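>>> Provided below for reference: sequence and predicted model.
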Amino acid sequence: MNHSNSSSHFLINCASSRNDRIEYTNLQSLRIIPDNSKLSSVSTTSQRDASHNVPALPDTLREQQGPLSIASEVNGRHPLEARLQNWEDAQQTTKLEMYRRVFGAAEPIRRTMELGIVDATDFCPEVMGGPDSMHRDILLNREATVDWEDIYRGGFESGRGGTDFHTEMEKKLGI
Amino acid sequence: MNGISVDINHLKKGEVSLGTSIMAVTYKDGVILGADSRTTTGTYIANRVTDKLTQIHDTIYCCRSGSAADTQAVADIVKYYLQMHASQLPPGETPTTKVAASVFQEICYTNKDGLTAGIICAGYDKKNKGSVYSIPIGGSIHQQEYAIAGSGSTFIYGWCDKNYKRDMERDECITFIKTALSEAIKWDGSSGGVVRMVLLTEKGVERLIFYPDEYQA
């Protein structure tokens, strides 16, 4: 982490629980192709977050997603899915890199900082509906777009599944 | 210019190919880009009137060959970058062709594992007059007085070498490109349709089109 550039450093510190997969590969390069997130090996904690008390296993009862079946989560996927999961990240990173070159390092640092501030300050528990995406949308220039994910916000992979209020607060406060 | 081979079969499954004949030639007043207009998916011609000459900036254009999707994506990114770059230049100054070509080169090299894009970037700027940069698959960059690329170009290396002259007049250069592309289209199954040209000079941009009955020998 010592050698990452400033804006990705900021992103790491301000990462919300939804954006855990940070890229280290795109340091100062115009990489436009999304990374392949297909795993080359799996373990009991590669598909779901580890439990706090038993770090080798996911917490089945808390997460309320049912028992873990690695095969069902790994098999039967479309070959493009692994790349398209990283689509938005790749687009955003490319744009920030271009801004860095044309306008200077301050530009991507500031944009990343603003997104980080929004993530850190816009708190509303999932049980109350989750944080409003208005500020984030404005920063990402998506306030005038409506997408599938804006209507169907749930789903296993949106990162919003099955956490109760206590778990959420514990995660947020790092307890 | 010796023995450059473009492997157009190296496309991802189901991709649409710009199996192509493209070229760009510097002449007295600037530079002319030329291309055929065929896009294929295997043997099916997906588009017989394609425009492979894409604008990057006011007087900077590029010829695209390889995967249609890849080259469109890359050209879009370079166009976006040049717009930002131009906005930061002093008033009256325009970006040079070299900058556009360098951005093309960096993208093609950094993403070489996932892209099939052969690009010729050519433009007119006040300082350097007309210039041509060839960026083949792999992401190397070559500045040349004229460049040919695409699957059809392999058939016209000899002819172009023999018939090219430095600082041609406008009509001379148009005939040179028209004849070269006509030969390429004749021999290459992946090239055909119309011959499109773009002239870039101090005065700006001029587009020309030549139909088969005009260029067929």
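Yes, it's here. Numbering: from 1, shown residues only, chains lettered A, B, ... in the order given.
>>> Which secondary structure element is home to residue B:102?
Residue B:102 belongs to helix B:97-110 when assigned by DSSP states H and E.
>>> List of residues touching that helix?
A:29-32, B:56-57, B:60, B:62, B:74, B:77-78, B:81-82, B:85, B:115, B:117, B:119, B:121-125, B:128, B:131, B:133, B:135, B:137-141, B:143 (Cβ atoms under 8 Å, 6 or more residues apart in numbering or on different chains). All C-beta atoms are positioned from the backbone trio N, CA, C, and that covers glycine.
>>> Tell me which of the residues you listed fall in strands.
B:56-57, B:60, B:62, B:117, B:119, B:121-125, B:131, B:133, B:135, B:143 (DSSP state E).
>>> List the contacts of whichever residue of chain B sits closest to chain A.
For chain B and chain A, the shortest gap (Cβ to the nearest Cβ) falls at residue B:114, measuring 4.1 Å. Shown in contact with residue B:114 (Cβ under 8 Å, 6+ apart): residue A:33.
>>> just to revisit the earlier point, filter the contacts of helix B:97-110 to the buried ones?
A:30-32, B:56-57, B:60, B:62, B:74, B:77-78, B:81-82, B:85, B:115, B:117, B:119, B:121-125, B:131, B:133, B:135, B:137, B:139, B:141 (16 or more other Cβ atoms under 10 Å in any protein chain shown).
>>> Just give the closest residue to the spatially most central residue of chain B, not the sequence neighbours.
Nearest to the mean C-alpha position of chain B, by Cα atoms, centre = their mean, lies residue B:63 at 2.3 Å. Ranked by Cβ to Cβ, 6 or more residues apart in numbering or on different chains and with sequence neighbours excluded, the top spatial neighbour of residue B:63 is residue B:22, at 3.7 Å.
>>> I figured the one you found hits residue B:150, correct?
Yes: assessed by Cβ atoms under 8 Å, residue B:22 is found in contact with residue B:150 at 4.8 Å.
>>> what sits in contact with each of the two?
Shared contacts of residue B:22 and residue B:150, counting by Cβ under 8 Å, 6+ apart, come down to B:36, B:65.
>>> Residues in contact with the longest helix along chain B: which ones?
In chain B, with assignment by DSSP state H, the single longest helix is helix B:68-87. By Cβ under 8 Å, 6+ apart, the surrounding residues in contact with helix B:68-87 are A:30, A:32, A:94, A:98-99, A:101-103, B:15-18, B:39, B:54-57, B:60, B:62, B:64-65, B:94-95, B:99-100, B:103-104, B:107-108, B:115-117, B:119.
>>> Return the helix or strand in chain A with minimum mean pLDDT.
Ranked by mean pLDDT, DSSP states H and E, the weakest helix or strand in chain A is helix A:6-13, scoring a mean of 44.
>>> what pLDDT does the closest residue to chain B within chain A get?
Going by Cβ to the nearest Cβ, chain B is nearest to residue A:33 of chain A, at 4.1 Å. At residue A:33, the pLDDT value in this model is 93.
>>> my guess is it meets residue B:117, correct?
No: here residue A:33 does not reach residue B:117: they are 11.8 Å apart, not a contact under Cβ under 8 Å.
>>> Up against chain B, what does chain A have?
A:29-33, A:94, A:98-99, A:101-103 (Cβ under 8 Å from any Cβ of the partner chain).
>>> Format these as CSV; extra columns: distance to residue B:26.
Below are the residues of chain A next to chain B laid out as CSV (distance: Cβ to Cβ, whole Å):
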residue, distance to residue B:26
A:29, 31
A:30, 27
A:31, 32
A:32, 30
A:33, 33
A:94, 32
A:98, 29
A:99, 33
A:101, 28
A:102, 28
A:103, 33
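>>> which two in those residues are spaced the farthest apart?
Largest separation among the residues of chain A next to chain B by Cβ to Cβ: A:33 and A:103, giving 24.0 Å.
>>> out of these two, which sits in the busier spot?
residue A:33 (18 against 15; other Cβ atoms under 10 Å in any protein chain shown).
>>> May I have the phi/psi pair for the residue nearest to the more buried one when sequence neighbours are not counted?
Of all residues not flanking residue A:33 in the chain, residue B:114 sits nearest, at 4.1 Å (Cβ to Cβ, 6+ apart). Phi and psi for residue B:114, reported as degrees, to the nearest 10, are phi -120, psi 0.
>>> Provide the count of other residues in contact range of residue B:54.
21.
>>> if I look at it, how far off is residue B:127?
23 Å (Cβ to Cβ, to the nearest Å).
>>> residue ranges with poor pLDDT in chain B?
B:1-14, B:18 (pLDDT under 70).
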